[in-house]
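> just to be clear, the model below is a prediction. Sequence and coordinates:
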Amino acid sequence: MAIPSSMNVDKAAGRSADETIALDAQALSAQLKAMRERLFAPASQKTLRSFTSGEAARLVGVSDGYLRQLTLAGEGPQPQIGSAGRRYYSLADIDALRRFLADQALAKGNEAKARTYLKWRDPARNEHLQVISVTNFKGGSGKTTSAVHLAQYLAMMGHRVLAVDLDPQASLSALFGYQPELDLSGNDTIYGAIRYDDEVRPLREIIRKTYFHGLDLVPGNLELQEFEHQTPRALSTRKPGDENSLFFARVQQALETVADDYDVVVLDCPPQLGYLTLSSLCASTSVIVTVHPQMLDVASMSQFLFMTADLLAVVREAGGSLNFDFLRYLVTRFEPHDGPQTQIVGFLRSLFGDRVLTAPMLKSTAVSDAGLTKQTLYEVGRENFSRGTYDRAMESLDAVNAEIEKLIHTAWGR
């Protein structure tokens, strides 16, 4: 059969468009695999750097001098000693430090002090699982960057965190070192736990440990699109009273099966307002909407909010529960010396007030440079950048994530 000229994008080779694209995909995948093997040799897996004693002290909430005293006394987890006597702690060591200090505080009857070290939620105090959707249906808004840094920050601060990649493009999974077409097979995403047929799996079997202590992952890949395709079919064949086919409850039901293991779940939503995003929003206790302060992005955000409100109203009428602890707009990729951007941020603050997070996520070459090696800023050391660039970016990230952490604690009544 002759290939139509409109489909023949590689006439010299006589290949059709789909054949050319498939070959390009294979070539790109092979090169990405080779790059990963070079970056993360010998096991082609990412590892997390160690933290200096000063960084460990800041994360735990004590002075570096106090950590040195503990080391000299042989108390608590002992650091690794590097060149020139420098002390280094793994993230697991830092978590063990928190437990040691909390136990000391409890031994003295100071429960309030112990809770400043151990951040785990307490169900006995009605501290519910916090499920945060990070969403926007316009690409380039910094959604995945915001989601991954938030999840890592919360883990570094001592929370038990589950990150869920709901985006078929799987950018969040890539930042954790996964190459979806090579590392994942069928039913390895949350789709395996929310599908409508007999092949459904428990979410606990899908969750993967990461190299980041305290942070687990449900990776994503293209099979997530199946939920968008199968849901209309399930709705069309739904029988009255059949709760199993209610698409908007499926992510929530899956998360409930592992709720006891985590304090916070961070959902990285796809850049579209489909069934996955709606199911994510219905599972959420809180929502972060990322917005790039450009007029086209703000106009897009307006349409996103109209569509979301209409669709969630339909879900509510169908029995869905929508009770958010907080809804916040996060300004991302902000350039403070850009006059038009500053005006747009002022416009958003005047319009939405406290619902716009006080701290914006600054645009930084440090974040983009770290991304070249599939890393986040929390994973790379200060020595890899100019001090000013790194410090400004880190200060911005910490300010944003600390503000969100405070909202979580407020929702818990702390």
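In hand now; what should we look at? Given the structure is predicted, the values throughout are model-derived calculations rather than measurements. Residues are numbered from 1 along each chain as shown.
> what ranges do the strands span in the stretch 1-150 of the chain?
For the stretch 1-150 of the chain, strands defined by DSSP state E, counting those that start in this stretch occupy the ranges 51-52, 80-81, 87-89, 130-135.
> tell me the most buried of these?
Across the strands of the stretch 1-150 of the chain, averaging neighbours per residue (mean count of other C-beta atoms under 10 Å) puts strand 130-135 on top, at a mean of 27. Bear in mind the C-beta positions are built from the backbone N, C-alpha and C, glycine included.
> by contact count, what packs against the longest helix anywhere in the chain?
Of all segments of type helix in the chain, defined using DSSP state H, the longest is helix 387-411. Under the contact criterion of 3 or more C-beta pairs under 8 Å, 6 or more residues apart in numbering; DSSP states H and E, helix 387-411 touches strand 130-135, helix 143-156, strand 286-291, strand 326-331, helix 365-371.
> got the angle for it vs strand 286-291?
Interaxial angle, helix 387-411 versus strand 286-291 (axes from the mean of the first three to the mean of the last three C-alpha atoms, to 10 degrees): 150 degrees.
> now helix 387-411: buried residues?
Neighbour-count burial for helix 387-411 flags 390, 393-394, 396-398, 400-401, 404-405, 407-408, 411 (criterion: 16 or more other C-beta atoms under 10 Å).
> same check on stretch 213-228?
Under the neighbour-count criterion of 16+ other C-beta under 10 Å, stretch 213-228 has 213-221, 223-224, 226-228 buried.
> just these: which are in helices?
Those of the buried residues of stretch 213-228 lying in helices (DSSP H): 226-228.
> end to end, how far does stretch 133-143 reach?
10 Å (C-alpha to C-alpha, to the nearest Å).
> start at 3 instead
Will do, 3 is the new start, and the previous item becomes stretch 135-145.
> can you pull out the low-pLDDT segments for the stretch 303-416 of the chain?
For the stretch 303-416 of the chain, the stretches with pLDDT under 70 are 322-323.
> switch the cut-off to 50
For the stretch 303-416 of the chain, no stretch has pLDDT under 50.
> figure out which of the strands of the stretch 3-152 of the chain is closest to residue 200.
strand 132-137 (27.0 Å; C-beta to C-beta).
> what does the closest one contact?
123, 145-146, 148-149, 152, 254, 257, 265-271, 279, 282-283, 285-292, 327, 406, 410, 413-414 (C-beta atoms under 8 Å, 6 or more residues apart in numbering).
> centre of the chain versus that strand, how much separation?
9 Å (C-alpha atoms, centre = their mean, to the nearest Å).
> what lines up beside that strand in the sheet?
If you go by DSSP bridges, strand 132-137 pairs up with strand 266-270 (parallel), strand 288-293 (parallel).
> going by mean pLDDT, which of the ones you listed comes out lowest?
The stretch with the lowest average pLDDT out of the strands paired with strand 132-137 is strand 288-293, scoring a mean of 93.
> any idea how far that strand is from the middle of the chain?
Distance, centroid of strand 288-293 to centroid of chain: 12 Å (C-alpha atoms, centre = their mean).
> got the CA positions of it in PDB?
Extracted C-alpha coordinates of strand 288-293, given in PDB (Å, rounded to 0.1, in the frame of the first residue of the first chain):
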ATOM      1  CA  SER A 288      -6.100  21.400  50.100                       C
ATOM      2  CA  VAL A 289      -5.200  22.900  46.600                       C
ATOM      3  CA  ILE A 290      -2.200  24.900  45.300                       C
ATOM      4  CA  VAL A 291      -2.800  26.600  41.900                       C
ATOM      5  CA  THR A 292       0.400  27.700  40.300                       C
ATOM      6  CA  VAL A 293       0.300  30.800  38.200                       C
END
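> now do the same contact list for the nearest residue to residue 58 once chain neighbours are set aside.
Nearest non-adjacent residue to residue 58, counting by C-beta to C-beta, 6 or more residues apart in numbering: residue 91, 4.3 Å away. Neighbouring residues of residue 91 by C-beta under 8 Å, 6+ apart: 52-55, 57-58, 79, 81-82, 99.
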